[in-house]
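> got a sequence here, can you model it:
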Amino acid sequence: MHFRSLSTQMVVSFIALVLIAATAVGVPGIWLIQQQMERQAWRQVDQARVASEALYAARRQEVADLAMLTAQRPTLRELLGQGEREGLSSYLSTLRSGAGLDVILACGPDGGLIAEAGEAVAADLCGESITDGFRALATGTSPRIWLLSVQSVRGESGDAGRVVVGKAVGNQFVTEIGDQAGLEHTLLVEEQPVATSLSANLASLNDIERSVYRPPGAGGAQQGTFGFAGRSYYFTRLSLKEGELVDEVALDVTDLAATRRRYIAILLASIATVAAVGSTAGVILAHRIGRPLGRLTEAAARMSEGDLRSPVRAETDIEEIALVAAALEVARVDLGHTLSRLQQQTAWSEHLLEAVVEGIITLDPQDRIMFFSRGAERITGWRKDRVLGRHADEVFRTVERDEPFSQLIPAPGRKHKIVVELAQGRQATLAVTGARLTPPDEGDAEVALVFRDVSEEEAVHRLLGHFLANVAHEFRTPLSALAASTEMLLDRTSELSYEELETLLTSLHVGVVGLQTLVDNLLESASIEAGRFRVYPRPSDLGEIIAEAMRTMQPLLDKRGQRLTVELPAAIPMVEADPRRTAQVLVNLLSNASKYGPEHSPIAIEARSRGKWVRVSVADRGPGIPSEYRRSLFRRFEVPSHAGNEAQYGTGLGLSVVKAIVEAHGGRVGAEDRPGGGSVFWFTVPKESVA
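Below you'll find the model as predicted:
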């Protein structure tokens, strides 16, 4: 090989350039590897510190939840209020064992200790103003760490005292935290080790020499290094209680140093190999491969930024690069189509979820709310931004049950009815159906709940059952009276006097009238419900309508000794009304006045002209209308019950039929208290229009 030849000079020059480049790259590369591994180690330590903070917060929340559940126990409130030390101690022992706690203290309102269960705590916690969290308490020659939580107990008469629950924090506790965070942990009280996950006794840890400093950008956390048992550790410190308790999170970097040396050796060998191979192949392939690959890189960068419209072009005679370019172009087109379909499906799904009237929520494995639909907002009264991330038990507070909402969630495919308290203290019955969002064999599955408010349906079911029972009673009573009277007429007609026959026939007539009124109300109610109810107003004599109602009800009034008085204007106006329907209104009002009014009491019918309307009222001397029934008086199935009154049954249809008939005429209906006792039910009918 002649040194002056162009090929020799190019080869020598390229080899020298490769060696220089390898050296220029290799030395910084080694330094970068060292720095990167160093940063990675400290990043791992910082991540473990953050994870440890979350784990300690979870443990504190767990103990706080146990304290709250303990304080809400009705038995605890009762025993604490009674001051029964023996029974309270036994009950606290049972609670401690079931909750997995190490100590439970019951303190009186005055701060004195009433009862305790579990390990002895070397401090008067009842007499101190303690806060939730970790606390170091002196025990013998070395302190002992406790995780404590205090909760007030509210009794019927106010503050019944408080409970203090706690868990002992020792090597096992720290080892569990270390297993979850992935690093070693040591708890220090005033630089004295009190618990550790290291395989060593606490006395040997006292002799460790630590290099402690506060690096910039570490948020004030202490960091450092130490050696123990022939191994090297990086550590950072986490304050669990300011000025009192510190958790030292340590990473074993002994193997990391060996790995770093191995990486440096590999890098040096790689540099040498690249220098040899690259010198031969680099010059030839660099130009042919570099340009088309650069174009593909630019195309990939555009795609990653969301540009799926620019085509991928790579003009090259290298088949592999051409195939990559073609595959990338196909992927660009397919990705564009897929993204378009996903956007359409997402928009449709969001629109569908917003249109569903039922409430839809999803819960993560910790029962926190992750999704809250528009239907859920309408049903609960909660806004989505107020509930996302909160625990389901905080949003859906159960009523009349000790179990929280999360324990009442039905299994997938099942439905439960749960009574809960919603926004602004409103109670509702929710029909809840559950489903899993991941296959059953996966542990961390989210739960989807679909629910709707069935409070009105439950109320209707209860009212319907009450209505059927009352209808049966309303039919049975007159039918029994009719059967008895008929049987007496059949058996003893020849023996009965005229007055006795008249009494029996009157009883038969009263029973028939009552059944007829009941059947009329049932038929009218069914007609109203089916939307077939109609009235046919025509010019009618109000006096004849009132007389017809009086003739119908007179036997019932005579039987109960009730006097009916009628006060009409001198010139009784003609009204534009359906005579049969209007008479039915009066019959229902007179029937109620007789039923709820005492025997031998007066009942008054009054009609007064008021402009274009005539106001007709029926007044009795009954017990009046309870205030709680005022708003629902004219609803179906509503039957006011009066203490001391024998009329405890009814279908609850009469007044609803009255309201429907009066409003069909364009009038109004109402009720008010009568001066001197009793009730006044009134309605209005239009006068006959004069052309």
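> find the nearest non-adjacent residue to residue 206, please.
residue 193 (6.6 Å; CB to CB, 6 or more residues apart in numbering). Placement of C-beta: from N, CA and C, glycine included.
> ranges for the strands of the stretch 351-500 of the chain?
Using DSSP state E, counting those that start in this stretch, the strands found in the stretch 351-500 of the chain span residues 359-363, 369-372, 397-398, 415-421, 427-436, 447-453.
> same check, this time on the stretch 151-300 of the chain
Secondary structure of the stretch 151-300 of the chain, counting by DSSP E, counting those that start in this stretch: strands at 158-169, 184-189, 192-196, 210-213, 223-228, 231-241, 245-252.
> relative to residue 680, which of those strands is closest?
Nearest of the strands of the stretch 151-300 of the chain to residue 680, taken as CB to CB: strand 158-169 at 46.2 Å.
> now render the strands of the stretch 351-500 of the chain as TSV, adding mean neighbour count.
Below are those laid out as TSV (neighbours: other CB atoms under 10 Å):
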stretch	mean neighbour count
strand 359-363	20
strand 369-372	19
strand 397-398	15
strand 415-421	15
strand 427-436	17
strand 447-453	20
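> between those, which gets nearest to residue 337?
Smallest distance to residue 337 across the strands of the stretch 351-500 of the chain (CB to CB): 27.8 Å, for strand 369-372.
> so residue 328, which state does it fall into?
helix (DSSP: H, G, I helix; E, B strand; the rest coil).
> residue contacts, the closest residue to it other than its chain neighbours?
Leaving out its chain neighbours, the residue that sits closest to residue 328 by CB to CB, 6+ apart is residue 312, at 4.8 Å. Residues in contact with residue 312 (CB atoms under 8 Å, 6 or more residues apart in numbering) are 296, 299, 325, 328, 329, 332.
> quick one: the third one from residue 188, how far?
In this case it means residue 325. According to CB to CB, to the nearest Å, residue 325 and residue 188 sit 61 Å apart.
> when the two are compared, which one has more neighbours?
Ranked by neighbour count (other CB atoms under 10 Å), residue 325 and residue 188 place residue 325 first, with 22 against 19.
> what ranges do the helices span in the stretch 351-500 of the chain?
Shown for the stretch 351-500 of the chain, the helices assigned by DSSP state H, counting those that start in this stretch span residues 374-380, 384-387, 392-395, 455-492, 498-530.
> show residues contacting the second one.
The list of residues contacting helix 384-387 from outside it, by CB under 8 Å, 6+ apart, reads 369, 372, 376, 377, 395.
> ok, now how distant is the residue nearest to residue 71 when sequence neighbours are not counted from residue 63?
Closest residue in space to residue 71, ignoring its immediate chain neighbours: residue 151 at 3.8 Å, by CB to CB, 6+ apart. Look at residue 151 and residue 63: by CB to CB, they are 10 Å apart.
> please apply the same query to residue 188.
Separation of residue 188 from residue 63 (CB to CB): 21 Å.
> residues touching residue 415, list them.
Contacts of residue 415 (CB under 8 Å, 6+ apart): 431, 432, 433.
> tell me the bridge partners for it.
residue 433 (DSSP bridges).
> could the strands of the stretch 351-500 of the chain go into JSON lines alongside distance to residue 320 and mean pLDDT?
Conversion of those to JSON lines gives the following (distance: least, CB to CB, whole Å; pLDDT from 0 to 100):
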{"stretch": "strand 359-363", "distance to residue 320": "46", "mean pLDDT": "84"}
{"stretch": "strand 369-372", "distance to residue 320": "45", "mean pLDDT": "86"}
{"stretch": "strand 397-398", "distance to residue 320": "65", "mean pLDDT": "86"}
{"stretch": "strand 415-421", "distance to residue 320": "59", "mean pLDDT": "83"}
{"stretch": "strand 427-436", "distance to residue 320": "46", "mean pLDDT": "81"}
{"stretch": "strand 447-453", "distance to residue 320": "47", "mean pLDDT": "83"}
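> out of those, which is closest to residue 182?
strand 369-372 (26.5 Å).
> which helix or strand in the chain has the lowest average pLDDT?
helix 455-492 (a mean of 60; mean pLDDT, DSSP states H and E).
> I'd like to know which of the strands of the stretch 151-300 of the chain is closest to residue 134.
When the strands of the stretch 151-300 of the chain are compared by CB to CB, strand 231-241 sits nearest residue 134, at 4.5 Å.
> so which elements touch the closest one?
helix 6-71, strand 133-139, strand 223-228, strand 245-252, helix 254-304 (3 or more CB pairs under 8 Å, 6 or more residues apart in numbering; DSSP states H and E).
> buried ones in that strand?
For strand 231-241, a neighbour-count test (16 or more other CB atoms under 10 Å) marks 232, 233, 234, 235, 236, 237, 238, 240 as buried.
> closest one to residue 112 out of those residues, please.
Distance ranking of the buried residues of strand 231-241 against residue 112, using CB to CB, places residue 240 first at 29.2 Å.
> next, count neighbours for the residue nearest to that closest one when sequence neighbours are not counted.
With sequence-adjacent residues excluded and distances taken as CB to CB, 6+ apart, residue 240 is closest to residue 134, at 4.5 Å. Counted by other CB under 10 Å, the residues lying close to residue 134 total 22.
> coming back round to it: could I get the contacts of residue 312 as JSON lines with distance to residue 558?
Shown next, in JSON lines, are those (distance: CB to CB, whole Å):
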{"residue": "296", "distance to residue 558": "107"}
{"residue": "299", "distance to residue 558": "103"}
{"residue": "325", "distance to residue 558": "107"}
{"residue": "328", "distance to residue 558": "102"}
{"residue": "329", "distance to residue 558": "101"}
{"residue": "332", "distance to residue 558": "97"}
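> highest neighbour count among the residues you listed?
residue 325 (22 neighbours).
> pLDDT on the helix or strand hosting that residue, on average?
Following DSSP states H and E, one finds residue 325 within helix 319-355. For helix 319-355, mean pLDDT rounds to 74.
> name the helices or strands packed onto the helix or strand hosting residue 661?
Residue 661 belongs to helix 654-664 when elements are defined using DSSP H and E. Under the contact definition 3+ CB pairs under 8 Å, 6+ apart, helix 654-664 sits against helix 498-530, helix 579-596, strand 669-673, strand 679-686.
> just the angle between it and strand 669-673, please?
Put simply, helix 654-664 runs at 130 degrees to strand 669-673, going by axes from the mean of the first three to the mean of the last three CA atoms, to 10 degrees.
> alpha carbons only: can I get helix 654-664 in CSV?
Extracted in CSV, the C-alpha atoms of helix 654-664 (Å, rounded to 0.1, in the frame of the first residue of the first chain):
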residue,chain,number,x,y,z
GLY,A,654,-112.5,10.7,47.1
LEU,A,655,-110.7,14.0,47.4
SER,A,656,-108.5,13.3,44.4
VAL,A,657,-111.7,12.7,42.3
VAL,A,658,-113.2,15.9,43.7
LYS,A,659,-110.2,17.9,42.6
ALA,A,660,-110.2,16.3,39.1
ILE,A,661,-113.9,17.1,38.6
VAL,A,662,-113.7,20.7,39.9
GLU,A,663,-110.6,21.5,37.8
ALA,A,664,-112.2,19.9,34.7
